[in-house]
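Return a 3D structure for these sequence lines:
(2 chains)
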Number of protein chains: 2
Amino acid sequence: MSQAPLRGGRGRALRPVGTGGTRRIRGAMAAWGDRLAGVRGVLLDISGVLYDSGEGGGVPIAGSVEAVARLKRSRLKVRFCTNESQKSRGELVALLQRLGFDISQEEVTAPAPATCQVLKERGLRPHLLVHDGVRSEFDQIDQSNPNCVVLADAGESFSYQNMNKAFQTLMELENPVLISLGKGRYYKETSGLMLDVGAYMKALEYACGIEAEVVGKPSPKFFKSALQAMGVEAHQAIMIGDDIMGDVGGAQRCGMRALQVRTGKFRPSDEYHPEVKADGYVDNLAEAVDLLLQHADK
Amino acid sequence: MSQAPLRGGRGRALRPVGTGGTRRIRGAMAAWGDRLAGVRGVLLDISGVLYDSGEGGGVPIAGSVEAVARLKRSRLKVRFCTNESQKSRGELVALLQRLGFDISQEEVTAPAPATCQVLKERGLRPHLLVHDGVRSEFDQIDQSNPNCVVLADAGESFSYQNMNKAFQTLMELENPVLISLGKGRYYKETSGLMLDVGAYMKALEYACGIEAEVVGKPSPKFFKSALQAMGVEAHQAIMIGDDIMGDVGGAQRCGMRALQVRTGKFRPSDEYHPEVKADGYVDNLAEAVDLLLQHADK
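Predicted coordinates for the structure are as follows:
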């Protein structure tokens, strides 16, 4: 366990679990016990919690490989719940395995497979504005004569030409349907903060005068499918993520609890967000797992 | 004058001026007289009203070269009020002159010169995300160590890399200032509808959690500077544009009247816009000028 002081909500300093101390500190520890009581399942965000993406694939966040392994050895159920939409689920898992994580495709809830299900159910034929890395997920989907646009984190493929093509496709439809894989504002790569799909979703929404349908966090349907796959109820589950809106706010609106890690895209101002307050703020996944193993499922 | 039936607001068919007819039609013609009474100055949008931009510069809209000439021979004052931000004012005027229009730089209110004034007044040093064609307008502005971002219709320069650089610049500022040259949703080129600066403004607003300052239509300050340059009061002025929100709605909020032309980016649904109703809908600038010369300043 980390020897660094733990920090509770609003920057209150806590001693590491088990060091005892004054009544104030005991009280603060008791609060963690209340906050995590009855947790049976843990949803883990991937980017910014397990690793930071970037050149050469990315780097694991310190302590996260071990934290995932400890969590999976515990009685807690674990599922990975990501908005990653640049890579196919297979590529993402292969990358994480190379970085040392114990993870398999079956444990991951990701927006591209969920989108394919929506497209099939509604007979939608997408024009794809996506990264080449995720295109294979849509191989089985009819893409002729498009009657909707599917937007993912396209990265460098968010060219003016490609955005315009998506825009024109929507404007030619009588009932324009825009499906966005997540609505994240930005994420962190090793080189810095990067614009996420949500920014481009807003651009198309404004230009076309429409509202996108989001598949991915914070859509309740998406969280619920992850809970169902894990086999726990919302009130028994906790989300751990670096996104105060998409992870924390979204999970809480579904009846889950949520911790925000101070890694990835976390910014100090998140702890004073005007609308969303996490059930706890922790320095990183390792600290979250320390707390969960101490207090959850009691 | 065009022999096609004129159309009033909400799709009501009108006969051409002077053909007489039933009382219903006379009534409708009288309404134009009411609607245009007392107009002394005319603000003309450029793109979509005078010409459609595109490959090789663009093409004049049928009848517009003559309409501008007729308007300038009349007693009405004329000023061009554009959100064009891909080209410098000099380049735009040179292009329009090549297309046959009677226009000079001094008659044009454009957002880039107005932005330079704002930057100077407030000591702002911009990071520019603009088209190369307009960059020269900012030659006299200190661009070192930026403390704001200026966004214009950058066209192909709206790459992911350039958008990310603007985003990162804003995120590094304690008080991020984003200035957008207009907030248009899209415009029409000869090849089709194209995303305008407003879409990219929305993307950055969402990603950074900020609100942009708009220099250009529909900013009241911008309209007022055009009125001032023309020397007429708002209630004596009429705007003619193809943008139901930026031209028509913006001008009306400033106390002006406004006509929408059915050229450029006009779409039939504009005539049933839930929020904005033009003082009249006309097929093109030629028809607007017919009506103005018949009814204005009486």
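
and the gap between residue A:44 and residue A:109?
Using C-beta to C-beta, to the nearest Å, one gets 10 Å for the distance from residue A:44 to residue A:109. C-betas here are computed from N, CA, C, even on glycine.

shared neighbours of those two, which are they?
A:79, A:80, A:81 (C-beta atoms under 8 Å, 6 or more residues apart in numbering or on different chains).

Now do the buried residues in stretch A:70-85.
Buried positions in stretch A:70-85, judged by neighbour count with 16 or more other C-beta atoms under 10 Å in any protein chain shown: A:70, A:71, A:76, A:77, A:78, A:79, A:80, A:81, A:82, A:83, A:84, A:85.

quick one, strands of the stretch 1-150 of chain A?
Taking DSSP state E, counting those that start in this stretch as the test, the strands found in the stretch 1-150 of chain A are A:6-7, A:13-14, A:41-44, A:51-52, A:59-60, A:77-81, A:108-109, A:126-129, A:148-151.

want to throw the ones you listed into a markdown table with mean pLDDT and distance to chain B?
Output for the strands of the stretch 1-150 of chain A, formatted as a markdown table (pLDDT from 0 to 100; distance: least, C-beta to the nearest C-beta, whole Å):
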| stretch | mean pLDDT | distance to chain B |
| --- | --- | --- |
| strand A:6-7 | 35 | 24 |
| strand A:13-14 | 34 | 26 |
| strand A:41-44 | 98 | 24 |
| strand A:51-52 | 96 | 16 |
| strand A:59-60 | 97 | 20 |
| strand A:77-81 | 98 | 22 |
| strand A:108-109 | 98 | 24 |
| strand A:126-129 | 98 | 12 |
| strand A:148-151 | 98 | 12 |
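
and of those strands, who's closest to residue A:95?
Nearest of those to residue A:95, taken as C-beta to C-beta: strand A:51-52 at 8.2 Å.

Show me the domain layout of chain A.
Segmentation of chain A into domains, based on automatic domain parsing, reads A:37-110+A:218-295, A:117-215.

To residue B:193, which of these lies closest?
With distances scored as C-beta to C-beta, the stretch of those nearest to residue B:193 is domain A:117-215 (5.8 Å).

Specify the local secondary structure of residue A:224.
Secondary structure state of residue A:224, per DSSP: H, G, I helix; E, B strand; the rest coil, is helix.

Which of the shared contacts of residue A:44 and residue A:109 sits closest to residue B:158?
Of the shared contacts of residue A:44 and residue A:109, the one sitting nearest to residue B:158 (C-beta to C-beta) turns out to be residue A:81, at 31.8 Å.

So that closest one sits against residue A:226, correct?
Yes. Counting by C-beta atoms under 8 Å, residue A:226 is a contact partner of residue A:81 at 4.5 Å.

coming back round to it: any chance of the domains of chain A in TSV, with distance to residue B:218 too?
Output for the domains of chain A, formatted as TSV (distance: least, C-beta to C-beta, whole Å):
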stretch	distance to residue B:218
domain A:37-110+A:218-295	28
domain A:117-215	14
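
before we move on, the earlier item: now the strands of the stretch 1-150 of chain A in a markdown table, with distance to residue A:177?
Formatted as a markdown table, the strands of the stretch 1-150 of chain A follow (distance: least, C-beta to C-beta, whole Å):
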| stretch | distance to residue A:177 |
| --- | --- |
| strand A:6-7 | 44 |
| strand A:13-14 | 48 |
| strand A:41-44 | 28 |
| strand A:51-52 | 33 |
| strand A:59-60 | 38 |
| strand A:77-81 | 25 |
| strand A:108-109 | 23 |
| strand A:126-129 | 9 |
| strand A:148-151 | 4 |
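
list the residues that contact both of residue A:81 and residue A:226?
Shared contacts of residue A:81 and residue A:226 (C-beta under 8 Å, 6+ apart): A:43, A:109.

Residue A:44 and residue A:109: which has the busier surroundings?
Each of residue A:44 and residue A:109 has its neighbours counted (other C-beta atoms under 10 Å in any protein chain shown); residue A:44 has more, 27 against 23.

Now do the contacts for the more buried one.
A:50, A:68, A:71, A:78, A:79, A:80, A:81, A:240, A:241, A:285.

one more time with 7 Å
Residues in contact with residue A:44 (C-beta atoms under 7 Å, 6 or more residues apart in numbering or on different chains) are A:50, A:78, A:80, A:81, A:240.

cool, residue A:67 as well?
Residue A:67 neighbours (C-beta under 7 Å, 6+ apart): A:285, A:286, A:289.

again, but for residue A:84
The contact partners of residue A:84, taken as C-beta under 7 Å, 6+ apart, are A:46, A:47, A:92, A:110.

With neighbour count and pLDDT added, can I get those in a markdown table?
Listed next are those as a markdown table, based on neighbours: other C-beta atoms under 10 Å in any protein chain shown; pLDDT from 0 to 100:
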| residue | neighbour count | pLDDT |
| --- | --- | --- |
| A:46 | 25 | 98 |
| A:47 | 26 | 96 |
| A:92 | 25 | 97 |
| A:110 | 28 | 97 |
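
Looking at those, which are in helices?
Under the assignment DSSP state H, these contribute residue A:92 to helices.

Which two of the contacts of residue A:84 have the greatest separation?
Maximum pairwise distance among those (C-beta to C-beta): 11.3 Å, between A:47 and A:110.

which residues do these two both contact?
Common neighbours of residue A:47 and residue A:110 (C-beta under 7 Å, 6+ apart) are A:82, A:84.

from the contacts of residue A:84, which is closest to chain B?
Closest approach between the contacts of residue A:84 and chain B, by C-beta to the nearest C-beta: residue A:47, at 16.1 Å.

residues contacting that closest one?
By C-beta under 7 Å, 6+ apart, residue A:47 lies in contact with A:53, A:82, A:84, A:187, A:264.

now residue A:146
Each residue near residue A:146 by C-beta under 7 Å, 6+ apart is listed here: A:125, A:126, A:127, A:169.

Check residue A:118 too.
Taking C-beta under 7 Å, 6+ apart, we find residue A:118 in contact with A:179, A:215.

What residues of whichever strand or helix holds residue A:288 count as buried?
Assigned by DSSP states H and E, residue A:288 belongs to helix A:285-295. In terms of neighbour count (16+ other C-beta under 10 Å), helix A:285-295 has its buried residues at A:285, A:286, A:287, A:288, A:289, A:290, A:291, A:292, A:293, A:295.

The first one against residue A:241, yeah?
It stands for residue A:285. No. Applying C-beta atoms under 7 Å as the test, residue A:285 and residue A:241 come out as separate, 9.9 Å apart.

Check the contact lists of these two and give me the overlap.
residue A:49.

distance of residue A:91 from residue B:130?
37 Å.

Looking at the two, which is more packed in?
Higher neighbour count among residue A:91 and residue B:130: residue B:130, with 25 against 16, using other C-beta under 10 Å.

Name all residues that make contact with the more buried one.
B:85, B:150, B:152, B:154.

Identify the farthest-apart pair in those residues.
Among the contacts of residue B:130, B:150 and B:154 lie farthest apart (C-beta to C-beta), at 10.4 Å.

higher neighbour count, these two?
residue B:150 (31 against 24).

How about residue A:193: what's its closest non-neighbour residue?
Nearest residue to residue A:193 in three dimensions, chain neighbours excluded: residue A:186, at 4.9 Å (C-beta to C-beta, 6 or more residues apart in numbering or on different chains).

Spit out the contact partners of that neighbour.
A:193, A:194, A:195, A:196, A:265, B:167, B:207.
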